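> okay, predicted coordinates and the sequence, questions at the end:
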Amino acid sequence: MKDTDLYQHVLGLREPWSVCKVEVDVKAQRVDVWVEHPKDLKWPCPECEVEGALYDHAEERLWRHLDTCQFQTFLHARPPRVNCPEHGVRQVKLPWAEPHARFTLLFERFAIIVLKQTTIQATTRILRMSREEAWHIVERAVERGLSRKPRRVIPEIGVDEKSAGWGQQNYVTIVCDLKSGTVDEVTEGRTRESLEAYFEGLTPEQLAGIEAVAMDMSAAYISAVREKVAEGEDKIVFDRFHIMKHMGEAVDKVRRQEHRSLAVDGTSILTGSRYIWLYGRENLPAKYWEDFYRLRACDLKTGRAWAIKETLRNLWRYLSLTWAERFWKRWYYWATHSRLGPVKKVAATLKNHLYGIMSYFKHRLTNATTEGINSRIETLWKAACGFRNKKRFRTIILFHLGGLDLYPATH
């Protein structure tokens, strides 16, 4: 079999395209393949498919193809251009590559598979390509996926912030589809405008279809939901993870205050007990049991703060809103009469946001999916050792977690 015939099959070329020349450079481990077409053909306009006579050819271009026996393979061609009466001079569609691509469809598809399984850096070594070429494939894949993404109603969304670097200004807002477990959008910053930008990109039907928004007690996000979503306050559900995080921080503040007070008279029995109080009772490691029960037997303010925190966890176990409200009133009285400053402060904060806490019993929604996505984003961040800018950070998040159709259509 001739080398031209072999590569005709390897490349999957059909009429009117055919391989006219093949050059193999063994030392460079490279194969170059040139393709051509017969003269006097009519070509369809890429816009309207109306056939027209050949206008001219663009300059010769080069596309990277899948390796042949570990030899890098490159395809060369001069793309024909057609003069359409309606759209003017246009380059015709090529069967082996998308417009403006540096790679063939098959190579791009394979590269996406590799990129989904590993990092940009590892992909460059596996496929013997530059970092910018790898990013070119990622960016094209995300652009392709977003163009195919249908405009659908997302009833339950989760909103959270994520650090995009160092400093208070380097944050992005992550908006997730809680049912599908995918990232719907990433916007720059963690301000009211960051979340409003997402809502402004939705259709009236999509906005009306939002039933619940799970998030933390961020004033900026609360304001955005109230402003952009109809009956927004009734749809806000404050995530219990963040609520309990506030209570955990209050317990730690009480511990630190009491530790300093006890240390004045000598050694403090709270020394080395920081992590003990941060666990829930059922999650406390066995190695801490003895110290925990010894400390609980002492009349410590930290022990009382921990008990108040643990009792609050029972709120989300109620099935009835009425009984949950009764429980809340009892807990709130206990917390505000505990004479523990940090606990009283958190209790007051929770009371001010009670509408979003009690809406849990209507929607039965948490932000656990978003927290899981955030953990996966953190893994992407660490694997890449950070990103050059927020645009690339958004791109890699949507590439891995956006649930997009990333692959080019092969002919």
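Received it, and whenever you're ready, just let me know what you need. Numbering: from 1, shown residues only.
> tell me the domain ranges of this structure?
With domains defined by automatic domain parsing, the chain comprises 3-146, 156-239+366-401, 240-363.
> which one of those domains is the most hemmed in?
Of all these, domain 156-239+366-401 carries the top mean neighbour count, a mean of 18, counting by mean count of other Cβ atoms under 10 Å. Quick note: C-beta positions are derived from backbone N, CA and C, even for glycine.
> R125 and T73, how far apart?
Per Cβ to Cβ, to the nearest Å, R125 is found 18 Å from T73.
> try K228
Distance from K228 to T73, counting by Cβ to Cβ: 51 Å.
> what do you get for W277?
Distance, W277 to T73, by Cβ to Cβ: 62 Å.
> go on, R102?
R102 is 14 Å from T73, by Cβ to Cβ.
> report the set of residues contacting both of the two.
Common contact partners of R102 and T73 (Cβ atoms under 8 Å, 6 or more residues apart in numbering): R64.
> next, M247: secondary structure please.
Here M247 is recorded as helix under DSSP: H, G, I helix; E, B strand; the rest coil.
> and it, what is it in contact with?
Taking Cβ under 8 Å, 6+ apart as the criterion, M247 is in contact with I308, K309, L312, V343, V346.
> redo those as TSV? Include pLDDT and distance to L62.
Conversion of these to TSV gives the following (pLDDT from 0 to 100; distance: Cβ to Cβ, whole Å):
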residue	pLDDT	distance to L62
I308	96	69
K309	95	64
L312	96	64
V343	97	68
V346	97	63
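> this structure: strands as residue ranges?
18-25, 30-36, 42-44, 51-57, 61-68, 71-77, 80-84, 88-91, 156-163, 171-177, 182-188, 212-215, 236-238 (DSSP state E).
> save those as a markdown table, and put in mean pLDDT and distance to Q8 too.
Listed next are the strands of the chain as a markdown table, based on pLDDT from 0 to 100; distance: least, Cβ to Cβ, whole Å:
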| stretch | mean pLDDT | distance to Q8 |
| --- | --- | --- |
| strand 18-25 | 92 | 5 |
| strand 30-36 | 94 | 9 |
| strand 42-44 | 88 | 20 |
| strand 51-57 | 87 | 21 |
| strand 61-68 | 94 | 13 |
| strand 71-77 | 95 | 12 |
| strand 80-84 | 89 | 19 |
| strand 88-91 | 89 | 23 |
| strand 156-163 | 93 | 49 |
| strand 171-177 | 94 | 45 |
| strand 182-188 | 95 | 41 |
| strand 212-215 | 95 | 56 |
| strand 236-238 | 96 | 60 |
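> between the domains of the chain, which gets nearest to P408?
Among these, the nearest to P408 by Cβ to Cβ is domain 3-146 (4.8 Å).
> endpoints of that closest one, how far apart?
With Cα to Cα, to the nearest Å as the measure, the ends of domain 3-146 fall 40 Å from one another.
> of the domains of the chain, which approaches Y407 most closely?
domain 3-146 (5.2 Å).
> that closest one: how far from the chain's middle?
Distance of domain 3-146 from its chain centroid, counting by Cα atoms, centre = their mean, to the nearest Å, is 30 Å.
> from here on, count from 14
With the count now opening at 14, the last piece we talked about shows up as domain 16-159.
> give the residue farthest from the middle of the protein.
Computed with Cα atoms, centre = their mean, the residue of the chain farthest from its C-alpha average is D278, at 51.2 Å.
> do you know how far that residue is from I289?
As for D278, its distance to I289 is 22 Å (criterion: Cβ to Cβ).
> in this structure, where is pLDDT below threshold?
Low-confidence segments of the chain (pLDDT under 70): 14, 179-182, 424.
> try 80 this time
Within the chain, the set of residues satisfying pLDDT under 80 comprises 14, 177-182, 278-280, 397-401, 423-424.
> show the contacting residues for the closest residue to I223 other than its chain neighbours.
What sits nearest to I223 in space, not counting adjacent residues and going by Cβ to Cβ, 6 or more residues apart in numbering, is V242, at 5.6 Å. Each residue near V242 by Cβ under 8 Å, 6+ apart is listed here: F212, L220, I223, V226, K248.
> save the residues you listed as a markdown table, and put in distance to E295 too.
Below are the contacts of V242 laid out as a markdown table (distance: Cβ to Cβ, whole Å):
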| residue | distance to E295 |
| --- | --- |
| F212 | 39 |
| L220 | 41 |
| I223 | 35 |
| V226 | 30 |
| K248 | 32 |
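> before we move on, back to that, where does the residue farthest from the centre of the chain fall, phi/psi-wise?
Main-chain torsions, D278, degrees, to the nearest 10: phi -90, psi 10.
> and stretch 24-43, how far apart are its ends?
From its first residue to its last, stretch 24-43 covers 15 Å (Cα to Cα).
> run through who's touching that stretch.
Stretch 24-43 has contacts (Cβ under 8 Å, 6+ apart) with 16-21, 44-51, 54, 78, 83-88, 90, 108-109, 117, 119, 424.
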